[in-house]
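Trainee: below are the sequence and a predicted model for it; my questions follow.
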Amino acid sequence: MAIVAMAWVCFHPTPAHSKEGFDHDHAIFSKLLVEFVEEGRVDYPGLAKNRERLDQYLTVLAAVTETQINAWEEPDRIAFLINLYNAATLKLILDHYPVKSIKDIGGWFSTPWEAPVVQLFGGAVTLDTIEHGILRKRHNEPRIHAALVCAAMGCPPLRSEAFVGRRLEEQLNGQMRRFLSIATKNRVDRAAGVVHLSPIFKWYKGDFEKEGRSVLDFLRPYWSDTVKGYFANQHEWRIKYTFYNWSLNKMGSKKIEQQK
């Protein structure tokens, strides 16, 4: 695991010229997400009946070499890693289904994010390696926190399509806007002067505060026009963090609440 992460950290990117042999549209994964994800919730029983397609997709990702991925442009690498994380998380849930929460998976001394369940570059790595050892370490892209989904209701909603490099900017912007629109997770109480934020913005505060900005500075462009107006006319805000629901993001759960 450490060797894989270190190898990525030390690579020297080369111009993107060799994309042959890999589907950068991630069509297999997109088809699965369209069929088995609705409003961010997953039809795990339905996906379980079609898990050979998920396994096929993960096998395709596992076959990508470091040499191959090092030749890709950064958006293609980020999209690959987000999709790998989300697909591997789905597989992890299916491997232990039925479970009430991803936190039910694992032992006394380890979490599901610390288990070597992801095949990458010829070895087994952890979900933590993908997120913290590669994505956050190599790429200055805080919006990944609206795209990585850990199979919990408190997570951002799982997108009903795969991330693709050529549309990554649009997709990440859309994910951040969608995440902020869910009132149970993020909302603004203008009268009280309080911004209620998901704990994700506390856990990864440093990712959003780079370049001298605050978390609210970073988030301001992604709120609705109404909320942007609040920020334009009021300068003192307190932040409170909402409850993070670790129950499984299964279909049939309460629909995502949209902020008006």
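Mentor: Yep, it's here.
Trainee: what's near enough to touch Ala79?
Mentor: With contact set as C-beta atoms under 8 Å, 6 or more residues apart in numbering, Ala79 has these partners: His24, His26, Ala162, Phe163, Val164, Gly165, Leu168. (Each C-beta comes from the backbone N, C-alpha and C, glycine too.)
Trainee: neighbours of the fifth one, just the number please.
Mentor: For Val164, the number of neighbouring residues by other C-beta atoms under 10 Å comes to 20.
Trainee: just the strands from this structure, written as ranges.
Mentor: With strands called from DSSP state E, the chain shows them at 37-38, 41-42, 118-120, 123-125, 187-189, 194-197, 238-241.
Trainee: partners of the first one in the sheet?
Mentor: Using DSSP bridges, the strands paired with strand 37-38 in its sheet are strand 41-42 (antiparallel).
Trainee: cool, and the fifth one?
Mentor: Strand 187-189 sits in its sheet next to strand 194-197 (antiparallel), going by DSSP bridges.
Trainee: who touches the strand it pairs with?
Mentor: 185-189, 215-216, 219, 237-242.
Trainee: have a look at the chain and report the helix or strand with the lowest mean pLDDT.
Mentor: helix 2-9 (a mean of 40; mean pLDDT, DSSP states H and E).
Trainee: break the protein down into its domains, please.
Mentor: Using automatic domain parsing, the domain parsing of the chain gives 2-10+25-177, 187-241.
Trainee: and these: which comes nearest Gly252?
Mentor: Comparing these by their distance to Gly252 (C-beta to C-beta), the top pick is domain 2-10+25-177, with 7.2 Å.
Trainee: next one: that closest one to chain centre, how far?
Mentor: 7 Å (C-alpha atoms, centre = their mean, to the nearest Å).
Trainee: for the spatially closest residue to Leu90 that is not a sequence neighbour, give me the pLDDT.
Mentor: Leaving out its chain neighbours, the residue that sits closest to Leu90 by C-beta to C-beta, 6 or more residues apart in numbering is Leu54, at 6.2 Å. What the model reports for Leu54 is a pLDDT of 98.
Trainee: how about Gly40?
Mentor: 96.
Trainee: try Ile256
Mentor: Ile256 is assigned a pLDDT of 42 by the prediction.
Trainee: before we move on, the earlier item: quick one: closest of the domains of the chain to Met251.
Mentor: Taking C-beta to C-beta as the criterion, Met251 comes closest to domain 2-10+25-177 out of the domains of the chain, the separation being 4.3 Å.
Trainee: pLDDT weak spots in this structure?
Mentor: Along the chain, the model assigns pLDDT under 70 to residues 1-20, 253-260.
Trainee: grab the most central residue of it for me.
Mentor: With distances taken as C-alpha atoms, centre = their mean, the residue of the chain nearest its centroid is Leu148 (0.9 Å).
Trainee: which residues of this structure fall in helices?
Mentor: Along the chain, counting by DSSP state H, helices occupy 2-9, 27-36, 44-49, 51-62, 66-70, 74-96, 127-128, 136-138, 168-180, 200-203, 205-208, 215-219, 225-233.
Trainee: distance to Ile105 added to those, as CSV?
Mentor: Compiled in CSV, the helices of the chain are given as follows (distance: least, C-beta to C-beta, whole Å):
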stretch, distance to Ile105
helix 2-9, 22
helix 27-36, 20
helix 44-49, 13
helix 51-62, 16
helix 66-70, 28
helix 74-96, 5
helix 127-128, 11
helix 136-138, 22
helix 168-180, 24
helix 200-203, 20
helix 205-208, 26
helix 215-219, 30
helix 225-233, 36
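Trainee: alright, that wraps it up for me.
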